[in-house]
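Student: Predicted model follows, preceded by the sequence.
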Amino acid sequence: MRIGVLSGKGGTGKTTVAVNLALSFAQTHKTQYLDYDVEEPNGFLFLQPEVKEQVSVPLLYPEISDKCTLCGECSKACQYHALAQVSQKVLVFPELCHGCGTCSIVCRYGAVLERERPLGLVELGYHGNLRCVQGILREGEALAVPVIQAVRSRAEERSTEGFEVTVADCPPGSSCSVIHSVEASDLALLVTEPTAFGLHDLKIAVRLVRELGLRHGVVLNKDDGSRLIRDYCGAEDIPLMAAIPFDIGIAKTYSKGLPLLEDSRWAVLFADLRDKLVREVPVQKHED
Amino acid sequence: MAVSVGKKDLSGLVDDRFGRCPYFMLCDSEDVEGTAEWKDNPALASTGGAGIAAGEFLDREKVKVLITGSLGPNALRVVQASGVSAFSAPGSMTVLESVRAWATGTLPAITAAGQAHAGER
Amino acid sequence: MKQIAIISGKGGTGKTTIAAAFTELASRKIVADCDVEAPNLHLLLEHRIRQESLFQGNRCAHIDPEQCISCGKCRDVCRYQAVEELGKGEAAVVRSRNGAQNADKESRHLIARATAQADSGVGPLFRVDPKRCEGCAACVYACPAGAVELRLEDTGKIFLSDSSAGEFAHAELFLAADGSGKLVSEVRRLAQQEALGDDKLVIIDGSPGIGCVVISTITGCQAVLIVTEPTQSGKHDLARVLKITQHFHVPALVAINKWDLNPDMTIEIEKLCLADGVEVAGKIPFDTTVPQAIAAAQAITRFDSPASAAIRKLWGRVQEELVV
């Protein structure tokens, strides 16, 4: 079973839900937690896994060799202006390069050599028996998607551990990064809060998962008992999977970077959510 | 020489954006009024790296002197590689004033990159 | 014309609340909401849309099925796995993914041809998934039959509105669209155009994160205000976003929102800022008036409360920074 945790709006409690749900699943199933929010990955702050593996995510960029005849085809073909030809020179701007390789396709002289630059990292570690994988985009880099894909392929690598459950912490927003993070999920949990902002961005997230054809349910965080989100879910026929009350104790525990399961009230809440998910989505060992 | 401009008019103002100015005024520095012509900045349509594309355009036009506001790091690299001398004029100066100021040597040369405008496409 | 962007690294720290307050406090300004993936500022600003335009921010490859010679070179060169093969029997897959009744003309054509192929044993057909295509043109150049071309795609809408706080540039990113950084640049360009003649201040509400959208939001700004909160995550994300402002040489100020929820963590953040040479320009207390103001769809400055007072003071400090 693959659960994707997302929210259009940032700061609604995505990481809180993903981390605690993953910890709860780890008590009953072989589970892994993935942090796809590679621009601001926070899950490891709470899980403090012992990191066993750290792999660089490379992106290719061109280097022009002395076989170059200055024909100008490469700089003309590059859609990102990562190559410029002026005054008998070809200049390369690696930070604008998307690593697409078009320059090497158009070069008839074999003058384009591709080099690697580090775009980010994938880290893998364990919190008890919970496997944790996170992607980190290097500061100053713009392309998050290759790092997200690297997390996904690491998580889906064949392993003897036979994971039954994957809980993925997805980035905020509604762009390509979110799609790449959530598309393989069996069910998307949309985390929201009972404010006008929360509702507005929940609607964006709902449109997104509907467009992708994903099953989905809502987790209401900082619940103050108001009808705002409940009425919307009722009208749209979206199941409310869990409601986490507004509680100053939760806010304080979160601010210290600690999981919530120490408190039996929240342990029960997440165990209920877990059991509900198990009933709704059949648990299978991942095939890949 | 080339000046980044907002309007096709010698009394119009210098556009202090290089990659994103609407037009370049191209002329022979010896006879500005007689030779001035305006060309659309082809970089305006590009989805990224506008300063680089504008620099390549100036290279194709065989420009030797450029007057603009400032150059980002990437644009500066292209302009320098193509052998163009770049000078900075304030956006409050008209095109004609800026060329005269350049001729009398009062415009400062651009030798260091201004702020990057990465992503301002 | 000067520009200030309000960003946060971590989401939900109070960017929009502070941005909306600044739009009320500043005298000559234009407002731009650059959180194009999840825009919220319009919920706090009474506004009427004055002009609306479509934005084409992305190029996507299209394969002409009539010209395709089934060689598969487009698929082989694509590094984003954006080219799918529609061979024998795969028409059914396409059908279920697109929904036959919703399929546009092009995909209906493809389904028909792929189905026919399944019967006749003709070579496979290829199709580009617009969600994965980066518009790099590798397939265009690799195709020996000239069957592939890049086309501009509609990726969003841009609005210029008249609001209670003056002119207001905002946008809507179409679902799953690529190129949100470009849409941000376009919103900023619209705001700058309106601000240029009158030398107004552009106030930009940014988005969380540190990637392309945030880079597009902050470059060229005279100041960036980073709103953080006293949590482990807030501190961690602040450290990352400070590296971005330093990388792009944009002067940064920090505000700690709800600072009293964890005074120890607030001190840690202050130490982090001190070590980085960044000023903490304001500390805003936890205040239940803030959600009330959001519920009333109004800026917090319309209320008399501790958070409101702290944000006024913060604005005073930010203004001084912008004058310099």
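Tutor: On my side now, so go ahead.
Student: Which residue ranges make up the domains of chain A?
Tutor: Domain assignment for chain A by automatic domain parsing gives A:2-57+A:127-280, A:66-110.
Student: between those domains, which one is nearest to chain B?
Tutor: domain A:66-110 (2.6 Å; Cβ to the nearest Cβ). The way it works is simple: take the backbone N, C-alpha and C, and place the C-beta from them, glycine included.
Student: tell me how far the closest one is from the chain's mean position?
Tutor: 32 Å (Cα atoms, centre = their mean, to the nearest Å).
Student: Compute the first-to-last residue distance for that domain.
Tutor: Domain A:66-110 has its terminal residues 10 Å apart, counting by Cα to Cα, to the nearest Å.
Student: Stretch B:32-52 too?
Tutor: 26 Å.
Student: Would you mind listing the buried residues in it?
Tutor: Within stretch B:32-52, the residues that qualify as buried are B:32, B:36, B:38, B:41, B:43, B:46, B:47, B:48, B:49, B:50, B:51, B:52, counting by 16 or more other Cβ atoms under 10 Å in any protein chain shown.
Student: and chain A, which of those residues reach it?
Tutor: Contacts with chain A within these, counted by Cβ under 8 Å from any Cβ of the partner chain: B:46, B:47, B:48, B:49, B:50, B:52.
Student: which residue packs closest to whichever residue of chain B sits closest to chain A, ignoring adjacent ones?
Tutor: Of all residues in chain B, the one sitting closest to chain A is residue B:49 (2.6 Å; Cβ to the nearest Cβ). Nearest residue to residue B:49, sequence neighbours excluded (Cβ to Cβ, 6 or more residues apart in numbering or on different chains): residue A:81, at 2.6 Å.
Student: From residue C:234, how far off is the one you found?
Tutor: Counting by Cβ to Cβ, to the nearest Å, the gap from residue A:81 to residue C:234 is 36 Å.
Student: which residues of chain B score low on pLDDT?
Tutor: B:47, B:115-121 (pLDDT under 70).
Student: So in it, which helix runs the longest?
Tutor: helix B:50-60 (DSSP state H).
Student: Packing partners of that helix?
Tutor: Judged by 3 or more Cβ pairs under 8 Å, 6 or more residues apart in numbering or on different chains; DSSP states H and E, helix B:50-60 is in contact with strand A:83-86, strand B:23-26, helix B:73-81.
Student: just the ones you listed: most buried one?
Tutor: strand A:83-86 (a mean of 25; mean count of other Cβ atoms under 10 Å in any protein chain shown).
Student: List the pairing partners of it within its sheet, with orientation.
Tutor: According to DSSP bridges, strand A:83-86 forms sheet pairs with strand A:89-92 (antiparallel).
Student: In the partner strand, which residues are buried?
Tutor: Within strand A:89-92, judged by 16+ other Cβ under 10 Å, the buried ones are A:90, A:91, A:92.
Student: which residues are contacting that strand?
Tutor: Residues outside strand A:89-92 that contact it (Cβ atoms under 8 Å, 6 or more residues apart in numbering or on different chains) are A:61-64, A:68, A:70, A:74-75, A:82-85, B:52, B:77-78, B:81.
Student: which two in these are spaced the farthest apart?
Tutor: Spanning the widest gap among the contacts of strand A:89-92 are A:61 and A:70, at 19.5 Å by Cβ to Cβ.
Student: Looking at the two, which is more packed in?
Tutor: Neighbours were counted for residue A:61 and for residue A:70 using other Cβ atoms under 10 Å in any protein chain shown; residue A:61 has more, 22 against 15.
Student: SS state for that one?
Tutor: For residue A:61, the secondary-structure state derived from DSSP: H, G, I helix; E, B strand; the rest coil is strand.
Student: Against residue A:88, how distant is it?
Tutor: 22 Å.
Student: got it, and residue C:167?
Tutor: To residue A:88, residue C:167 is 47 Å away according to Cβ to Cβ.
Student: who has more neighbours, those two?
Tutor: residue C:167 (21 against 9).
Student: buried set for stretch C:143-157?
Tutor: Buried residues in stretch C:143-157, defined by neighbour count with 16+ other Cβ under 10 Å: C:143, C:147, C:148, C:149, C:150, C:153, C:155, C:156, C:157.
Student: Show me those residues that map onto helices.
Tutor: Short answer: the buried residues of stretch C:143-157 have none in helices (DSSP H).
Student: Okay, and which of those residues map to strands?
Tutor: The members of these that map onto strands under DSSP state E are C:148, C:149, C:150, C:153, C:156, C:157.
Student: Pull out whichever of those residues are also neighbours of chain A.
Tutor: residue C:150.
Student: Just the closest of the ones in strands among the buried residues of stretch C:143-157 to residue B:66, please.
Tutor: residue C:150 (30.7 Å).
Student: what helix or strand does the nearest residue to the closest one once chain neighbours are set aside sit in?
Tutor: Computed as Cβ to Cβ, 6+ apart, the closest residue to residue C:150 that is not its neighbour in sequence is residue C:59, at 4.3 Å. Taking DSSP states H and E as the definition, residue C:59 sits inside strand C:58-63.
Student: gap between residue A:21 and residue C:20?
Tutor: 33 Å.
Student: Ignore what I typed, I meant residue A:144.
Tutor: Using Cβ to Cβ, residue A:144 is found at 28 Å from residue C:20.
Student: what do you get for residue B:97?
Tutor: Residue B:97 is 42 Å from residue C:20, by Cβ to Cβ.
Student: Repeat that for residue A:86.
Tutor: According to Cβ to Cβ, residue A:86 and residue C:20 sit 46 Å apart.
Student: One more: residue A:115?
Tutor: Relative to residue C:20, residue A:115 is positioned 46 Å away (Cβ to Cβ).
Student: These two: which has the busier surroundings?
Tutor: The residue with more neighbours, out of residue A:115 and residue C:20, is residue C:20; 29 against 12, by other Cβ under 10 Å.
Student: Wait, that one touches residue C:45, no?
Tutor: Yes - Residue C:20 lies in contact with residue C:45 (Cβ atoms under 8 Å); the separation is 6.8 Å.
Student: Could you pick out the residues of chain B near chain A for me?
Tutor: Counting by Cβ under 8 Å from any Cβ, the residues of chain B near chain A are B:46-50, B:52-53, B:55-56, B:59, B:74, B:77-78, B:81-83, B:118-119.
Student: Strands of chain B, residue ranges please.
Tutor: Remark: strands assigned in chain B by DSSP E are B:2-5, B:23-26, B:37-40, B:65-68, B:85-88.
Student: Out of those strands, the one nearest residue A:240 is which?
Tutor: Going by Cβ to Cβ, the one of the strands of chain B nearest residue A:240 is strand B:37-40, 55.4 Å.
Student: Each with direction, which strands does that closest one pair with?
Tutor: strand B:23-26 (antiparallel).
Student: could you dump the strand it pairs with to CSV, C-alpha only?
Tutor: Extracted in CSV, the C-alpha atoms of strand B:23-26 (Å, rounded to 0.1, in the frame of the first residue of the first chain):
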residue,chain,number,x,y,z
TYR,B,23,14.3,47.0,-28.1
PHE,B,24,18.0,47.7,-28.8
MET,B,25,18.9,51.0,-30.6
LEU,B,26,21.8,50.2,-32.9
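Student: Any idea how many residues pack against residue A:235?
Tutor: 8.
Student: Could you look up the SS state of it?
Tutor: Once three-state DSSP is applied, residue A:235 turns out helix.
Student: coming back round to it: out of the ones next to chain A among the buried residues of stretch B:32-52, which is nearest to chain C?
Tutor: For those, the minimum distance to chain C (Cβ to the nearest Cβ) is 5.9 Å, reached by residue B:47.
Student: Tell me the spacing between residue A:42 and residue B:34.
Tutor: Taking Cβ to Cβ, one finds residue A:42 at 64 Å from residue B:34.
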